[in-house]
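[1] sequence and predicted model, in that order:
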Amino acid sequence: MIAQSQSGTGKTAAFVTTVLSRVDFNQPSTPQALLLAPSRELARQIQGVITTIGQFIPNLGVAAAIPGAIPRGGAVDKAVVVGTPGTVMDLIRRRQFDTSALKVLVIDEADNMLDQQGLGEQCARVKTLLPKEIQILLFSATFPDKVLKYATSFAPSANIIKLKVQELTVKGISQMYMDCPGEADKYEILCKLYGLMNIGSSIIFVKTRESATRIQQSMVRDGHKVSVLHGAYEGSERDALLDDFRTGKSKVLITTNVLARGIDVSTVSMVINYDIPMKGMGDATHDTETYLHRIGRTGRFGRVGVSITFISDKKSFVALQAIAKDLLIDLVALSPEDWDETEKQVQRVIKSSRAQASFVPSAGTGGHE
Ligand SMILES: Nc1ncnc2c1ncn2[C@@H]1O[C@H](COP(=O)(O)OP(=O)(O)OP(=O)(O)O)[C@@H](O)[C@H]1O
């Protein structure tokens, strides 16, 4: 199956219930289902959902195949395995993970997992080491045409559930942009935004690890309480940072694309694209998919949220226009010159109730093609 549904609409529960229905729990130490995700954070999150949904299943064991979780020489001896492709690959190669009894392969964020260099190769290689008759489930909120074509050869004769372009955006997320005079003004505008407003939890996306750390350090120096998470941190540190954010111990998280996809923290009411997402050699083109996944960290399962994308020059302005065109949307303009109005616009959304979101997922609002 290849399945597409908007961010925050509950794809995890859909594939987890499928997985759990396929596993024979009389063989609790034989790996029977493998779920792949692009980041350790998402793999851990999915592991948590499996444990929650399967809490009444006796003998349910879920192994996390992420860096550092399974010691060298140790066997993967749980019925359900969820991990990142590189680590899964290593475990299979070192004969710690016997894949011969696997019945289901789930790839979450499948367009990213199959397309991206590195990840795509690893997923393809993992597949060659699995039983030929394995059932394949590919899930994502986005499936660009090019990847969908490849996905259909990765999962031949799959049932396909696909969204129309105009259904891609979640209506509960109010999409805005801030027209900053220049790159150098972005930091001050960011601080002003946080200084003025009382926002629940929020995520700030930047382009590089270095700028994430730099902005975090400056904000802390300027009296804001902000955490930073990116790929340069050790696994256990990353786990602790995200756990603190989930529990509300920290409320502002600066990060890179590593957390753009899948992460589900229902209290996030604002997402800031400090740097607009770009892709390709030298960041030549706008990245509509990443934009959609980033803003989808708010407005989860019928909640409301705000996304604010900073633009500061012609390139970022053109990129945002192109994203808006791809998604057939209009964005609300915010001005750094009129903070009263900006505050009003943002607070109006954040303070509005869940019921006011015009997209509330339910059995009847599939909106699929
Ligand atoms: N039937 C349900 N009733 C209430 N809440 C639900 C239901 N199904 C899922 N949820 C909640 O909805 C939230 C979003 O689910 P999930 O993380 O699976 O979204 P997703 O579709 O995978 O999004 P993304 O594309 O961003 O990964 C989760 O907090 C989950 O617990």
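    Ah, there it is.

[2] how deep is the nearest residue to G68 once chain neighbours are set aside tucked in, by neighbour count?
    Nearest residue to G68, sequence neighbours excluded (CB to CB, 6 or more residues apart in numbering): G235, at 4.8 Å. (Each C-beta comes from the backbone N, C-alpha and C, glycine too.) Neighbours of G235 under the rule other CB atoms under 10 Å: 14.

[3] quick one: contacts for G235?
    R40, I66, P67, G68 (CB atoms under 8 Å, 6 or more residues apart in numbering).

[4] please report how far the last one lies from R261.
    Going from G68 to R261 by CB to CB, to the nearest Å gives 21 Å.

[5] compare the two (neighbour count), which wins?
    R261 (27 against 12).

[6] could you check the pLDDT of the more buried one?
    With respect to pLDDT, R261 scores 97.

[7] now, the contacts of G235 that are in helices?
    R40 (DSSP state H).

[8] including distance to K78 and pLDDT, could the contacts of G235 go into CSV?
    Converted to CSV, the contacts of G235 look like this (distance: CB to CB, whole Å; pLDDT from 0 to 100):
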residue, distance to K78, pLDDT
R40, 17, 96
I66, 13, 98
P67, 17, 96
G68, 17, 95
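
[9] out of the contacts of G235, who's nearest the ligand?
    R40 (15.3 Å; CB to the nearest ligand atom).

[10] verify the contact between that closest one and I66 for me.
    Yes: R40 is within contact range of I66, at 4.3 Å (criterion: CB atoms under 8 Å).

[11] what do those two both touch?
    The contact lists of R40 and I66 share T84, G235, where a contact means CB under 8 Å, 6+ apart.

[12] from the contact counts, what lies against the worst-scoring helix or strand of the chain on mean pLDDT?
    Lowest on mean pLDDT, DSSP states H and E among the helices and strands of the chain sits helix 339-351, with a mean of 90. Packing contacts for helix 339-351, counted by 3 or more CB pairs under 8 Å, 6 or more residues apart in numbering; DSSP states H and E, involve strand 173-179, helix 186-196, strand 268-273, strand 305-311, strand 332-334.

[13] and the second one, what does it pack onto?
    Translated: helix 186-196. Using 3+ CB pairs under 8 Å, 6+ apart: helix 186-196 touches helix 209-221, strand 305-311, helix 339-351.

[14] so which bits of the least confident helix or strand of the chain are buried?
    With burial defined by 16 or more other CB atoms under 10 Å, the residues of helix 339-351 counted as buried are W339, T342, E343, Q345, V346, V349, I350.

[15] repeat for stretch 246-257
    Neighbour-count burial for stretch 246-257 [16+ other CB under 10 Å]: R246, S250, K251, V252, L253, I254, T255, T256, N257.

[16] I figured T51 was touching I57, is that so?
    No: between T51 and I57 there is no contact under CB under 8 Å: 9.7 Å.

[17] correct me, but V82 touches A64?
    Yes: between V82 and A64 there is a contact at 6.0 Å, judged by CB under 8 Å.

[18] neighbour count winner among those two?
    V82 (29 against 21).

[19] returning to what we had before: intersection of neighbour lists for V82 and A64?
    The contact lists of V82 and A64 share A43, Q47, where a contact means CB under 8 Å, 6+ apart.

[20] now for the closest residue to the ligand within the stretch 101-250 of the chain: which residues touch it?
    Residue of the stretch 101-250 of the chain nearest the ligand, by CB to the nearest ligand atom: A141 (3.9 Å). Contact analysis of A141 by CB under 8 Å, 6+ apart lists Q4, S5, Q6, S7, K11, L168, L292, H293, G296.

[21] re earlier: buried among the contacts of G235? Need that as a selection in PyMOL.
    Command for PyMOL that selects the buried part of those, burial taken from 16+ other CB under 10 Å:
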select buried, resi 40+66
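
[22] mind putting the contacts of G235 into TSV with distance to A124?
    Listed next are these as TSV, based on distance: CB to CB, whole Å:
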residue	distance to A124
R40	21
I66	20
P67	21
G68	25
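
[23] ok, the contacts of G235 vs M281, which is closest?
    R40 (27.5 Å; CB to CB).

[24] among the buried residues of stretch 246-257, which lie within helices?
    Going by DSSP H, the helices hold R246 from those.
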